[in-house]
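J.: I would like to see how this sequence folds:
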Amino acid sequence: MLPVGPLALKDISAQEVRQIINQTADDVTLTDGTSYLVSTGWDKWTGYGRVNAKRAVDRVGPTTMPPEADINAPDWYTLVDGTVTVAFYANARWASTFDYVLEVGNGVEPTSFSTLATANAIASDAALSSVNQVDNFSAAWSTAALPMVSIRCGCA
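T.: Coordinates of the predicted model:
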């Protein structure tokens, strides 16, 4: 069970649940008989794959809770030009510290990414969650002379 310090099972945020579902999904591949041009890992046709409910439930534990990460601005499908502030939330409420990397990539399914911002050994805040809808970090992003790009944020 999950009583860990001030947090308990009832305290799992929607973003933590989403991370667990993404990380435990069964990838859909061409060997599954799909006619879509899927790729290993996330793709535009099947996302992270099929939900594996058993693996997701088994993943919930005091030492296996994933961090939260969410990009709050710019909004999806917003056309941007020049230098843009990327506002994002990152936290690992079930750990004492965490690292983050904010990256951008070209297109809907980028094959490579460039780092916008990174930080190591940041103190976690167990009282703060994605539910609070805050931006606890931001990074400047120069979009000059770039084609369409995708942006992602991940924590470790």
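
J.: For the rest of this, base every contact and every neighbour count on C-alpha atoms.
T.: Will do.

J.: and the helix ranked longest in the chain, what does it pack onto?
T.: Longest helix of the chain, by residue count under DSSP state H: helix 14-24. Helix 14-24 sits against helix 53-59, strand 68-73, with contacts defined as 3 or more Cα pairs under 8 Å, 6 or more residues apart in numbering; DSSP states H and E.

J.: Of those, flag the one that's most buried.
T.: Neighbour counts (mean count of other Cα atoms under 10 Å) averaged over each of the helices and strands packed on helix 14-24 peak at strand 68-73, with a mean of 19.

J.: could you give me the average pLDDT of that one?
T.: Mean pLDDT, computed over strand 68-73, is 88.

J.: residues in contact with the closest residue to R55 other than its chain neighbours?
T.: Sequence neighbours aside, T24 is the residue nearest to R55 in space, at 5.9 Å (criterion: Cα to Cα, 6 or more residues apart in numbering). T24 is in contact with 51-52, 55-56, 59, counting by Cα atoms under 8 Å, 6 or more residues apart in numbering.

J.: Relative to N106, how far out is T24?
T.: Distance of T24 to N106, given as Cα to Cα, to the nearest Å: 26 Å.

J.: Check N136 too.
T.: From N136 to N106 the distance is 25 Å (Cα to Cα).

J.: which of the two has more neighbours?
T.: Between N136 and N106, counted using other Cα atoms under 10 Å, N106 has the larger neighbour count: 16 against 11.

J.: Just list whatever residues bridge to that one.
T.: Following DSSP bridges, N106 is listed with bridge partners V149.

J.: now the strands for the chain?
T.: 68-73, 83-91, 97-106, 113-123, 137-142, 149-155 (DSSP state E).
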